[in-house]
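1. need a structure here:
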Amino acid sequence: MKRIVLETPGGRLIRACVTETRAEAMAGVRGLPRLAAGCGMLFPFGSPGRHAMTMRGVGFPLDMVWLDAKLCVASVAYRVPPGTSLVWGHGAYVLELGSGQALLLSVVPGFCLVPR
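-> Residues are numbered from 1 along each chain as shown. Okay, here's the model as predicted:
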């Protein structure tokens with residue numbers, strides 16, 4: 001899995017693993033005890049559109065940040081509980097962060113992230 005650093009408009013950094021294969025995307029954050037503060041997992045969909053994510057097998061709540069092709073925040077599902085079957089959103093990517101991290105890092109709709 002490759003890694004990327006994304007900068008928020010406020011200059012905060014998010015270190016994310018990027019899923020590159022279907023197997024990596026299916027595994028996601030399952031099996032991890034949590035996501036550390038300022039860390040996440042980025043799922044590229046290949047094309048913008050309506051996509052679903054699942055929380056099956058994830059043992060902690062997440063913030064799911066839906067990003068467009070330019071890495072601008074389209075919407076955020078805050079504090080999605082473990083075991084949630086489907087979370088739908090529109091975007092080209094979804095960035096999973098630990099619960100509460102989206103607000104803490106000022107990752108809100110309309111703001112864009114910049115790869116570093």
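2. Can you spell out which residues form a bridge with R3?
-> The partner list for R3 in beta bridges (DSSP bridges) reads C17.
3. Show the contacting residues for it.
-> With contacts defined as CB atoms under 8 Å, 6 or more residues apart in numbering, the neighbours of R3 are R15, A16, C17, V18. Every residue, glycine included, has its C-beta placed from N, CA and C.
4. and V94, what does it touch?
-> So V94 contacts L42, F43, F45, H51, M53, M64, V65, W66, L67 (CB under 8 Å, 6+ apart).
5. thinking again about what came up before, take the contacts of R3 and write them to CSV, including neighbour count, distance to V114 and pLDDT.
-> As requested, those are exported to CSV (neighbours: other CB atoms under 10 Å; distance: CB to CB, whole Å; pLDDT from 0 to 100):
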residue, neighbour count, distance to V114, pLDDT
R15, 13, 14, 97
A16, 25, 13, 97
C17, 19, 18, 95
V18, 17, 15, 96
